[in-house]
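Participant: Below are the sequence and a predicted model; questions follow.
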Amino acid sequence: MDFERYDRIRPIRWEGDQLSLLDQRRLPFVVEHVACRDSEAVGRAIHDLVVRGAPAIGIAAAWGAVLAARGVDAVDGAAALARLAPALDRLQAARPTAVNLMWALARLRRVLAAAGADWAAVLEAEARAIETEDLAANRHMGALGAALIEPGSGVLTHCNTGSLATAGFGTALGVIRAGVAEGRIGRVFASETRPWLQGARLTVWELLQDGIAATLIADGAAAHLMKTGAVQWVIVGADRICANGDTANKIGTYSHAIAARHHGAKVMVVAPSSTVDMATAHGDDIEIEMRDPAELLSVAGTRTVAEGVQAWNPVFDVTPAGLIDAIVTERGVVMAPDRARMQALFGPG
Ligand SMILES: CSC[C@H]1O[C@H](OP(=O)(O)O)[C@H](O)[C@@H]1O
């Protein structure tokens, strides 16, 4: 595959003394970057969805840790870790559901604890490795996932799992890119993904730049679309995959999975191993991020609901493993996920 053509969109750019983040709140009509010169700014950018997408927030937090280390004078990594701990904890608290955030910071803490006097260089190298490994994983998952799709299939994807949500190419969107390139996918549908509209604002915009004409649907139209037989696979990303295969993803994924099972479509979850959390036994144990109800009471900043109306705004839900046909990771594919199959690839919890 000609991957370079998909790498025009770079949401995260390390610039040596700052982290430049494409402001995803403004897309697709305004292409603007936010310059983060310290870890606090990175934490705010993650919380405010300037940068979003499970792998992308892990990568951004890793560079945030590098910014936090600027100016820290420590004899070795362990001493530096003691000084950096509060800043790393604040980065980790930016959002609760995507385990990639916790995974990236835990990985940096491990390398720092073992580093010597060159700990600053070790830290930066590890942040860069987290980013480059994610891109390689996405390209590999694209091929693994596309191979499961019968030629001429129609697919539905939810939220945004493309270059904007990762180090590039995307997870579920990477499978769709590979599947279209291989002639396996005939039609792509994208659900708008209320309230933040990652599907309507980001996914169809990314695909349009690839020359892939996606059809946008309302979230509530998904079951009706599947009833027509137009969808053979629902292909989504993930924010946290548990030891038994239960998967947290953008709110609305669970509804799509129920409709898919009812209408004979299959569900594919595509995520790097950094999204797998074997320490969490099942989906009931995942903290679901609750965001400001005001996000539901307006569209693109324009209030659409009468004053005084209450709103409930969980931004993730959990799809039980029993509704998932395949989990695609860079380590391999888990069909009909269950604990035993997950342990075969990811080890004991
Ligand atoms: C490959 S992105 C994974 C995941 O992250 C998104 O959530 P958000 O936009 O709130 O960061 C969505 O759940 C994607 O499926």
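Facilitator: Cool, the structure landed.
Participant: tell me the mean pLDDT over the helix or strand harbouring Met141?
Facilitator: Under the criterion of DSSP states H and E, Met141 resides in helix 119-146. Helix 119-146 carries an average pLDDT of 98.
Participant: now swap in stretch 163-179 and tell me
Facilitator: Mean predicted confidence for stretch 163-179 is 97.
Participant: re earlier: next helix or strand past the helix holding Met141?
Facilitator: Downstream of helix 119-146, the first helix or strand assigned by DSSP H and E is strand 153-158.
Participant: Can you give me every residue that contacts Leu91?
Facilitator: Ser39, Val42, Gly43, Ile46, Ala61, Gly64, Ala65, Ala68, Leu101, Leu105 (C-beta atoms under 8 Å, 6 or more residues apart in numbering). In short, each C-beta sits where N, CA and C put it, glycine included.
Participant: Of these, which is the nearest to the ligand?
Facilitator: Nearest to the ligand out of the contacts of Leu91 is Ile46 (C-beta to the nearest ligand atom; 8.9 Å).
Participant: so what's that closest one closest to, chain neighbours aside?
Facilitator: Spatial nearest neighbour of Ile46, chain neighbours left out: Ala94 (3.9 Å); criterion: C-beta to C-beta, 6 or more residues apart in numbering.
Participant: Look at the nearest residue to Ala271 once chain neighbours are set aside and report its pLDDT.
Facilitator: The shortest distance from Ala271 to any non-neighbouring residue, by C-beta to C-beta, 6+ apart, is to Ala238 (3.9 Å). Ala238 is assigned 98 on the pLDDT scale.
Participant: Pretty sure Ala238 sits against Thr97.
Facilitator: No: with contact defined as C-beta atoms under 8 Å, Ala238 does not reach Thr97; the gap is 10.1 Å.
Participant: the more surrounded of the two?
Facilitator: Ala238 (29 against 21; other C-beta atoms under 10 Å).
Participant: Tell me how far that one lies from the ligand.
Facilitator: Distance of Ala238 to the ligand, computed by C-beta to the nearest ligand atom, to the nearest Å: 6 Å.
Participant: how about that residue, secondary structure?
Facilitator: coil (DSSP: H, G, I helix; E, B strand; the rest coil).
Participant: returning to that earlier point: could you identify the most distant pair in the contacts of Leu91?
Facilitator: Ala68 and Leu101 (14.6 Å; C-beta to C-beta).
Participant: quick one, helices of this structure?
Facilitator: For the chain, helices defined by DSSP state H occupy the ranges 39-47, 54-69, 77-92, 99-114, 119-146, 172-181, 198, 204-210, 222-227, 253-263, 339-346.
Participant: what is in contact with Ala238 and Thr97 at once?
Facilitator: Ala248.
Participant: The stretch 201-349 of the chain against the ligand: which residues are in contact?
Facilitator: Applying C-beta under 6 Å from any ligand atom, we find that the stretch 201-349 of the chain lies next to the ligand at Val236, Gly237, Ala238, Asp239, Asn249, Lys250, Val315.
Participant: The last one against Met290, yeah?
Facilitator: Yes: in this structure, Val315 is within contact of Met290 by C-beta under 8 Å, at 7.5 Å.
Participant: coming back round to it: need the contacts of Leu91 in JSON lines with distance to Ile327, can you?
Facilitator: Converted to JSON lines, the contacts of Leu91 look like this (distance: C-beta to C-beta, whole Å):
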{"residue": "Ser39", "distance to Ile327": "32"}
{"residue": "Val42", "distance to Ile327": "29"}
{"residue": "Gly43", "distance to Ile327": "30"}
{"residue": "Ile46", "distance to Ile327": "25"}
{"residue": "Ala61", "distance to Ile327": "24"}
{"residue": "Gly64", "distance to Ile327": "29"}
{"residue": "Ala65", "distance to Ile327": "29"}
{"residue": "Ala68", "distance to Ile327": "33"}
{"residue": "Leu101", "distance to Ile327": "20"}
{"residue": "Leu105", "distance to Ile327": "24"}
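Participant: how about CSV for the residues you listed, with neighbour count and distance to Val231 added?
Facilitator: CSV is the format used below for those (neighbours: other C-beta atoms under 10 Å; distance: C-beta to C-beta, whole Å):
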residue, neighbour count, distance to Val231
Ser39, 24, 42
Val42, 31, 38
Gly43, 22, 38
Ile46, 26, 32
Ala61, 29, 35
Gly64, 30, 38
Ala65, 25, 41
Ala68, 25, 44
Leu101, 27, 31
Leu105, 20, 37
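Participant: Near the ligand, list only the ones from those.
Facilitator: Of the contacts of Leu91, not one also sits near the ligand (C-beta under 6 Å from any ligand atom).
Participant: Closest one of these to Gly301?
Facilitator: Distances from Gly301 to these, taken by C-beta to C-beta, are shortest for Ile46, at 20.6 Å.
Participant: Give the full set of residues in contact with that closest one.
Facilitator: Arg52, Ile57, Ala60, Ala61, Gly64, Leu91, Ala94, Arg95, Leu101.
Participant: Can you redo these as CSV, where the extra columns are pLDDT?
Facilitator: As requested, these are exported to CSV (pLDDT from 0 to 100):
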residue, pLDDT
Arg52, 98
Ile57, 98
Ala60, 98
Ala61, 98
Gly64, 98
Leu91, 98
Ala94, 98
Arg95, 98
Leu101, 98
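Participant: Understood, closing this out.
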